[in-house]
Each structure stands twice: as structure tokens, then as C-alpha cells.
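Student: sequence isn't available, so here's the structure alone:
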């Protein structure tokens, strides 16, 4: 008898088959009972098998956000073409988390940051830190010669650091350079590595950010995430996808997450600094929805009503509503959106056109 058979035999002796199956369809022969060992409560608890009713009664911790509404705990992937600014972006993120200051105007969870720099030399990292006024921040650790994560010993060291509880945010810049010597064509190996990082990030309730080069031109795909998916195997395990890209001379950040609606932000660097900020992201659709609600004195809306009345696609509607919420023109309640209290005073002080078209971001 194998160890597994012995474990199963112990479980079978404790199962009340009549109770667990309501007395339906269960025979008393040993073979049938043995095949139902998975009904044992201990077996189910160990593997987190729940009925829908049991799952509903579970008390689960809230989603932990490193950057509120933008970057949750778990594995995050940032893709961008060369020289778009992804390292400046991620270093600014590291500074915000380390100092507890807002990132893109959004609140952060303050904590220590580990930045594994696999591409740039120490001097270039120092120069970038000075530009971002990071040189005197003690709460960010830069690892400049960590060694390839294709080496199991280095991967184990990283694993020990991740589970230590010491870091809130860990950044790998870039993923390709972090695995020098690995067979990048071995998709199963890559998925195994990424899966380990994702499971660790979730268990420790931290964020691991993988930065990656995007070599494909997304224009021919129609969507930058399709281009990223074509370029990379690892994104299937990501909890959040971010794409930093240029259109003309303007930067944009597109975000897709398991925990929030997809949204695209216009970005710029604040005057005289290297700090990123969100700009001009009230889309024509957001303006149209808001103007329609105002004109028809509508207090509550949902996506179905907007689709019916304005014939706007659901994905576009969600994004537009989220933008209106972010700028406090609407308040989200469950699956509905409403005008906020006190909005009348804002409207009295300015015409509708001035309120919408004259916003300074």
C-alpha cells in the first residue's frame, strides 16, 4: 500500500457517505466508497474545495493595493518599447512607495522596496536617482549585481527575500536580462518561474513588478495588450498588466487588472521635474455620459441603461464612468453610479460647458 493509499484509507473510515450525499446514489461497496474520498471535510479544506454557499460565508481579507485602484498585490507586468520611459516610471513608483507619497495622484501603501536592476550600470542608476530626488531615500534597496535568476541558487535567495516580510514592492528590471543563460524558448520553464513569483506575491500580499521590453508594434494588433501577449508567455500569470506607450509626443498608460476595470491614462511629467502625473483623461464618452445625465436630470445610472439610451459599448462605458468617479463627478455604489451630494453648488458656480471643458488636470 502506498502512502497515498494509506492516507485515503484513513479518510474513508471517517466519511459519512449518507450525510455527504443525502443518501443518493452511493453504494456500500468498498471500491465505490474509496472513489469518494474527496468528500472528506479535511481533504476538501486542505485543497480549499468549497460549495458556493461555503465560499460565500468565508471571511476573506480585502484586496491589498500598493497603489490604490491601480496596482494591487500580486504579480504585475509592465511592457513598453525601448526608450519610452519604463525605468523612470518604475523608479518613480519605487520612490512613492518608499516615502509614502502619492503616485500619479493615487495613494500608496508605504513600505520598503527592492529594485533588482539587471540592465543599467551603477552610475546610470545613480544619475536617475538624482533626477528623481531619490538619492537620500534609505527605504529602497538597489540590487545591481544579483546574478541571473536562471541559476537556482539565485532564485532561492530571491525567494527567501520575498517571504521575509521585509519588502512591500519588488521590481525586476528587466525580465529578459534577469534570466541570462536561460532557454527563453522553453515556455514551460518560464511559466513555472512566473508562477512561483505570482504565488509568492499573493501569499505574502506584496507586489512583484516585472518590467519587459515590447518588441512588437502594437498598431498592427489594434490593442497594445494583444501585442504584449504575442511577445510574451509570462503575462498569463499576471494579476495586472500595464503598458506604457507613446502616441505622437504624448505618453499613455493602459492598465488591465483582475481587480479593476480597464482604463487608459494620459501622462505627463510635472513641470521642472521627473514626476509623472495623470492628465486630460476625461474622454469624449465620459463627457457625453455626464452631459446626458445633466440634461435629463438623471441621478442614478448603470451600464445597461447607458448602453440602451446612448448605444455605447459596455467596456467603453465602464472606462468612462471610472474616469468620472476619479474626478468626483460621479460616485459608484455597487453596480450603479450617481451624482454626488453637493454637486449643485459646483454647477451653480460655473456653466456646464465650463465645468466639463475647462477642467485643469
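Tutor: Yep, that arrived. Since the model is a prediction, treat every value here as computed from it, not as a measurement.

Student: CA atoms for contacts and neighbours, from now on please.
Tutor: Fine.

Student: can you give me every residue that contacts residue 172?
Tutor: Applying C-alpha atoms under 8 Å, 6 or more residues apart in numbering, we find residue 172 in contact with 115, 116, 117, 118, 178, 208, 209, 210, 211.

Student: which strands and helices sit next to the longest helix belonging to the chain?
Tutor: Criterion DSSP state H: the longest helix present in the chain is helix 187-204. Here helix 187-204 is seen to pack against strand 74-80, helix 152-162, strand 207-213 when contacts are counted using 3 or more C-alpha pairs under 8 Å, 6 or more residues apart in numbering; DSSP states H and E.

Student: repeat that with 7 Å
Tutor: When contacts are defined as 3 or more C-alpha pairs under 7 Å, 6 or more residues apart in numbering; DSSP states H and E, helix 187-204 sits against strand 74-80.

Student: which secondary structure elements does the strand it packs on contact?
Tutor: Secondary-structure packing of strand 74-80 (3+ C-alpha pairs under 7 Å, 6+ apart): helix 187-204, strand 207-213, strand 240-247.

Student: just give me how far the helix or strand just after the last one sits from the chain centre.
Tutor: Beyond strand 240-247 in the direction of the C-terminus, DSSP states H and E gives the next helix or strand as strand 250-257. For strand 250-257, the gap between its own C-alpha mean and the chain's C-alpha mean amounts to 12 Å (C-alpha atoms, centre = their mean, to the nearest Å).

Student: strands of the chain, start to end?
Tutor: Under the criterion DSSP state E, the chain contains strands at 65-67, 71-72, 74-80, 113-117, 140-143, 169-173, 207-213, 240-247, 250-257, 263-269, 276-279, 300-301, 331-333, 336-338.

Student: and which of the contacts of residue 172 is nearest to residue 319?
Tutor: Distances from residue 319 to the contacts of residue 172, taken as C-alpha to C-alpha, are shortest for residue 209 (23.7 Å).

Student: burial of the closest one, as a residue count?
Tutor: Residues near residue 209, counting by other C-alpha atoms under 10 Å, number 28.

Student: just checking, residue 210 touches residue 74?
Tutor: No. Judged on C-alpha atoms under 7 Å, residue 210 makes no contact with residue 74 at a distance of 11.0 Å.

Student: still on that earlier bit, how about TSV for the strands of the chain, with mean pLDDT added?
Tutor: Putting the strands of the chain into TSV (pLDDT from 0 to 100) gives the following:
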stretch	mean pLDDT
strand 65-67	92
strand 71-72	92
strand 74-80	91
strand 113-117	97
strand 140-143	97
strand 169-173	97
strand 207-213	92
strand 240-247	87
strand 250-257	85
strand 263-269	79
strand 276-279	76
strand 300-301	91
strand 331-333	87
strand 336-338	90
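
Student: OK, contacts around the closest residue to residue 258 other than its chain neighbours?
Tutor: Among residues not flanking residue 258 along the chain, residue 239 sits closest, at 5.7 Å (C-alpha to C-alpha, 6 or more residues apart in numbering). Contacts for residue 239 (C-alpha atoms under 7 Å, 6 or more residues apart in numbering) come out as 74, 75, 76, 257, 258.

Student: of the residues you listed, just the buried ones, PyMOL syntax please.
Tutor: To isolate the buried ones among those in PyMOL, judged by 16 or more other C-alpha atoms under 10 Å, type:
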select buried, resi 74+75+76+257
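
Student: from the contacts of residue 239, which is closest to residue 201?
Tutor: Distance to residue 201 across the contacts of residue 239 (C-alpha to C-alpha) is lowest for residue 74, with 4.7 Å.

Student: distance of the closest one from residue 64?
Tutor: To residue 64, residue 74 is 9 Å away according to C-alpha to C-alpha, to the nearest Å.

Student: shaky segments in this structure?
Tutor: Along the chain, the parts satisfying pLDDT under 70 run over 1-35, 215-234, 261, 270-274, 280-282, 342-361.

Student: centroid residue for it?
Tutor: For the chain, residue 240 is the residue whose C-alpha lies nearest the centre (C-alpha atoms, centre = their mean; 2.8 Å).

Student: what's near enough to touch that residue?
Tutor: 71, 75, 76, 77, 256, 257, 258.

Student: ditto for residue 182
Tutor: By C-alpha under 7 Å, 6+ apart, the residues touching residue 182 are residue 150.

Student: and for residue 100?
Tutor: 108, 109, 110.
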